[in-house]
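*Asks:* Need a 3D model of the following:
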Amino acid sequence: MNPLEQQLQYPLGETQPAAGQVLDVAPDLRWVRMPLPFALDHVNIWLMRDRVDGRDGWTVVDCGVSREDTKAHWEKIFAEGLDGLPIVRVLVTHMHPDHVGLAYWLCERFEAPLAMTLTDYTTARLFSEGGAQGGATGGERAAAFFRRHGVVDGPSLEQLRERKSYYASLVPAVPPAFDRIADGDKVRIGGREWQVVIGEGHAPEHASLYCDALGVFIAGDMVLPRISTNVSVQDYEPNGDPLRLYLQSLDKYGFMPADTLVLPSHGRPFHGLHTRIAQQRAHHAERLAEVKEACAQSPCSAADIVPIMFKRKLDLHQLTFALGEALAHLHTLYFRGELTRHTDADGVIRFSPA
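*Replies:* So this is what the prediction gives:
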């Protein structure tokens with residue numbers, strides 16, 4: 001166990017729902033846990049009893065990726081976990097495949113509306129409809145981006161080129177229409193008011209939900225109990241500063257009471273929101289310090305920083321996140337004026353002390 005986890009409280013202990021099952025975590029609120037085909041092997045989904053336009057049923061928050069095994073688990077939930085009622089709304093926290101992948105299928109099956117933020121809805125549609133030409137998470141553009149930041153391993157670059165349909169394979173479609181949610185909105189779900197709190201840095205416009213009446217915070221990926229939220233510079237926004245945005249976003253959750261029950265997208269429900277936010281701030285401060293120190297020893301590319309920040313062996317999928325996160329820390333120091341950057345004769349961007 002991560003020792004930082006011992007500073008948090010887990011009201012359900014080790015209990016968690018098996019795939020295709022539901023578990024009650026609060027009044028009219030159920031937990032679903034869907035498998036993922038990655039090292040991060042699951043995503044949490046939340047079901048809330050609701051009534052939309054006269055239809056009794058459930059609002060579902062997030063969906064899982066579009067795979068046949070995920071659909072099969074959903075079929076079991078439809079049959080056994082919804083008290084015979086339909087899904088009446090699909091609310092997606094953000095555009096990453098494990099969250100939006102099956103939104104099209106659920107919305108079509110139940111004639112249910114989709115609710116998302118504008119930026120993440122349009123981004124999801126762009127990436128999904130771009131298909132093999134989208135290059136959102138792979139393809140020639142991504143390979144060139146990795147090459148500029150120090151990944152020179154030929155097989156890895158070739159695998160990146162071959163991943164040009166990666167997003168569309170997990171999100172083959174996005175519903176053609178949606179209901180927009182925005183920061184500060186109050187969404188009524190099951191007669192209770194949920195406040196939309198927008199965070200940035202992990203996704204363009206990530207929506208979390210807070211219900212004061214229940215003392216529950218559906219955090220999505222913005223606050224996770226065991227792992228740190230991935231904050232990456234991407235090839236489609238090569239000069240982004242997502243770590244600054246993420247750290248600023250953490251301030252927005254400070255109004256919630258200390259005993260708030262946090263429902264994260266990965267890991268177990270927990271108490272200790274403010275403790276976890278403080279841990280995240282300390283984590284990134286430590287990473288920034290070690291990145292700055294490394295660059296003081298010799299000019300560093302993002303690829304040079306990856307083994308400093310990540311001590312374990314990484315597969316290609318993990319490397320895409322790790323390099324993006326290494327670059328996010330380099331960019332924050334660069335935009336603060338603490339580092340400079342330059343492109344060397346080999347075409348690789350490296351960072352040095354300012």
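
*Asks:* Sketch out the strands for the stretch 1-150 of the chain, chain order is fine.
*Replies:* Remark: strands of the stretch 1-150 of the chain, listed N- to C-terminal, are 23-26, 29-35, 42-52, 55-61, 87-91, 114-116; assignment by DSSP state E, counting those that start in this stretch.

*Asks:* got JSON lines for those, with mean neighbour count and distance to Val291 too?
*Replies:* Any C-beta I mention is one placed from the backbone N, CA and C, and that applies to glycine too. Below are those laid out as JSON lines (neighbours: other C-beta atoms under 10 Å; distance: least, C-beta to C-beta, whole Å):
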{"stretch": "strand 23-26", "mean neighbour count": "16", "distance to Val291": "38"}
{"stretch": "strand 29-35", "mean neighbour count": "22", "distance to Val291": "34"}
{"stretch": "strand 42-52", "mean neighbour count": "22", "distance to Val291": "29"}
{"stretch": "strand 55-61", "mean neighbour count": "23", "distance to Val291": "35"}
{"stretch": "strand 87-91", "mean neighbour count": "25", "distance to Val291": "36"}
{"stretch": "strand 114-116", "mean neighbour count": "23", "distance to Val291": "33"}
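
*Asks:* among those strands, which is nearest Gly267?
*Replies:* Between Gly267 and these, the tightest spacing by C-beta to C-beta is seen for strand 42-52, at 7.8 Å.

*Asks:* Phi and psi next, for Cys322.
*Replies:* Actually, residue 322 is Ala. It isn't Cys. In terms of degrees, to the nearest 10, the main-chain angles of Ala322 are phi -70, psi -40.

*Asks:* Please work out how many residues are found near His329.
*Replies:* By the measure other C-beta atoms under 10 Å, the count of residues near His329 is 25.

*Asks:* pretty sure it is in a helix, no?
*Replies:* Yes. Counting by DSSP: H, G, I helix; E, B strand; the rest coil, one finds His329 located in a helix.

*Asks:* Might you list the low-confidence residue ranges for the protein?
*Replies:* Counting by pLDDT under 70, the chain shows low-confidence ranges at 1, 131-137.

*Asks:* What are the boundaries of the helices in it?
*Replies:* Here the chain has its helices, by DSSP state H, at 68-80, 97-100, 103-110, 118-130, 140-148, 154-162, 166-170, 242-250, 273-297, 302-309, 316-335.

*Asks:* which of these is buried the deepest?
*Replies:* Mean neighbours per residue, mean count of other C-beta atoms under 10 Å, is largest over those for helix 97-100, with a mean of 27.

*Asks:* Now distance to Leu209 too, for the helices of the chain, in a markdown table please.
*Replies:* Written out in a markdown table, the entries for those read as follows (distance: least, C-beta to C-beta, whole Å):
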| stretch | distance to Leu209 |
| --- | --- |
| helix 68-80 | 20 |
| helix 97-100 | 13 |
| helix 103-110 | 16 |
| helix 118-130 | 14 |
| helix 140-148 | 32 |
| helix 154-162 | 35 |
| helix 166-170 | 24 |
| helix 242-250 | 15 |
| helix 273-297 | 14 |
| helix 302-309 | 31 |
| helix 316-335 | 25 |
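
*Asks:* So which of these is nearest Arg55?
*Replies:* Across those, closest to Arg55 is helix 103-110 (C-beta to C-beta), at 9.3 Å.

*Asks:* Show me what that closest one is packed up against.
*Replies:* Helices and strands in packing contact with helix 103-110 are listed as strand 87-91; criterion 3 or more C-beta pairs under 8 Å, 6 or more residues apart in numbering; DSSP states H and E.

*Asks:* Could you point out which of the helices of the chain sits nearest Ile189?
*Replies:* Comparing those by their distance to Ile189 (C-beta to C-beta), the top pick is helix 103-110, with 15.8 Å.

*Asks:* I'd like to know how far Val92 sits from Ser301.
*Replies:* Here the criterion is C-beta to C-beta, to the nearest Å. By it, Val92 lies 35 Å from Ser301.

*Asks:* actually Ala345, sorry about that
*Replies:* 13 Å.

*Asks:* When those two are compared, which one has more neighbours?
*Replies:* Each of Ala345 and Ser301 had its neighbours counted (other C-beta under 10 Å), and the higher figure belongs to Ser301 (24 against 5).
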